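J.: Provided below for reference: sequence and predicted model.
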Amino acid sequence: MRKLTGLAAIAVVVAGLTACSSSDDSAAAPTDCTPTLGASDLAEEGTLTMATNATLPPMQYVDPNGDVIGMRVDLGKEIAKRLCLTPKFVNIEFEAQIPGVQAGRWDMIDTGMFYTPARAETIDLVPYEVQAVSISVPSGNPESISSVDDLAGKTIGVEAPGYEFDTLTALAEQFATEGKPALTVQTFKTNADA
């Protein structure tokens, strides 16, 4: 029950943030900054501990000084501020994030995560951005890739696990069923490596 209460409070803050259009930061800050989440609601009292996979600039990444920064990190800091908590980021591989939040090692995941029915059965998800999957090609597009069908016979690099990996694996299976040249899915630990 403690995690459900904490996640509900976080969800309310995120929903409020996405609805805000004010550029005045002081208007969003609470005037009485007494944390509404107690020690039993948090991994660490007084702190909003957030897991992130800091491998995807400009969303979340590690700067030359070793600090985790980025747009999602800024959002996490704002959530902590509005909850009157100190933000703390744990830079951890993507596949460890859901088990960690379930085990109470951190309070939330502050990383882009595609909504899937399977994930929605295990954790509460708060949609706050719209994303699309794209393919990056070498400069000049020497293979003339302009559609999904043009990926037949190619090797695609992707971070695994994740939505993109699942999508490409399904596409490879579809190509095999249709008798098209094989799509090879090469996996990497991070998007930057892929």
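T.: Yep, it's here.
J.: domain parsing for this structure?
T.: Structural domains annotated on the chain: 2-122, 132-194, as defined by automatic domain parsing.
J.: can you put those domains in a markdown table and add mean pLDDT and mean neighbour count?
T.: Placement of C-beta: from N, CA and C, glycine included. Rendered in a markdown table, the data for the domains of the chain read as follows (pLDDT from 0 to 100; neighbours: other C-beta atoms under 10 Å):
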| stretch | mean pLDDT | mean neighbour count |
| --- | --- | --- |
| domain 2-122 | 81 | 16 |
| domain 132-194 | 89 | 13 |
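J.: Export only the CA atoms of the helix or strand residue 79 falls within, formatted as PDB.
T.: Take DSSP states H and E as the rule and residue 79 turns out to sit in helix 71-82. Below are the C-alpha coordinates for helix 71-82, written out as PDB (Å, rounded to 0.1, in the frame of the first residue of the first chain):
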ATOM      1  CA  MET A  71      15.100  17.100 -20.100                       C
ATOM      2  CA  ARG A  72      13.700  14.100 -18.200                       C
ATOM      3  CA  VAL A  73      16.100  14.800 -15.300                       C
ATOM      4  CA  ASP A  74      14.700  18.400 -15.200                       C
ATOM      5  CA  LEU A  75      11.200  17.000 -15.100                       C
ATOM      6  CA  GLY A  76      12.200  14.700 -12.200                       C
ATOM      7  CA  LYS A  77      13.700  17.600 -10.300                       C
ATOM      8  CA  GLU A  78      10.500  19.600 -10.700                       C
ATOM      9  CA  ILE A  79       8.400  16.600  -9.500                       C
ATOM     10  CA  ALA A  80      10.600  16.400  -6.400                       C
ATOM     11  CA  LYS A  81      10.400  20.100  -5.900                       C
ATOM     12  CA  ARG A  82       6.600  20.100  -6.000                       C
END
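J.: Would you tell me what the next helix or strand after that helix is?
T.: According to DSSP H and E, the helix or strand after helix 71-82 is strand 86-91.
J.: Mind giving me the packing neighbours of the helix or strand just after that next one?
T.: Moving toward the C-terminus from strand 86-91, the next helix or strand (DSSP H and E) is helix 97-103. Using 3 or more C-beta pairs under 8 Å, 6 or more residues apart in numbering; DSSP states H and E as the contact definition, the elements that helix 97-103 packs against are strand 47-52, strand 108-109, helix 117-122.
J.: a markdown table for these, including distance to residue 96?
T.: Below are the helices and strands packed on helix 97-103 laid out as a markdown table (distance: least, C-beta to C-beta, whole Å):
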| stretch | distance to residue 96 |
| --- | --- |
| strand 47-52 | 8 |
| strand 108-109 | 10 |
| helix 117-122 | 14 |
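J.: of all the ones you listed, which lies closest to residue 185?
T.: Within those, the stretch nearest residue 185 is helix 117-122; the backing value is 19.4 Å (C-beta to C-beta).
J.: Given the next helix or strand after the closest one, what are its sheet partners and their directions?
T.: Tracing the chain past helix 117-122, the next element assigned as helix or strand by DSSP H and E is strand 155-159. Strand 155-159 has its sheet partners listed here by DSSP bridges as strand 184-188 (parallel).
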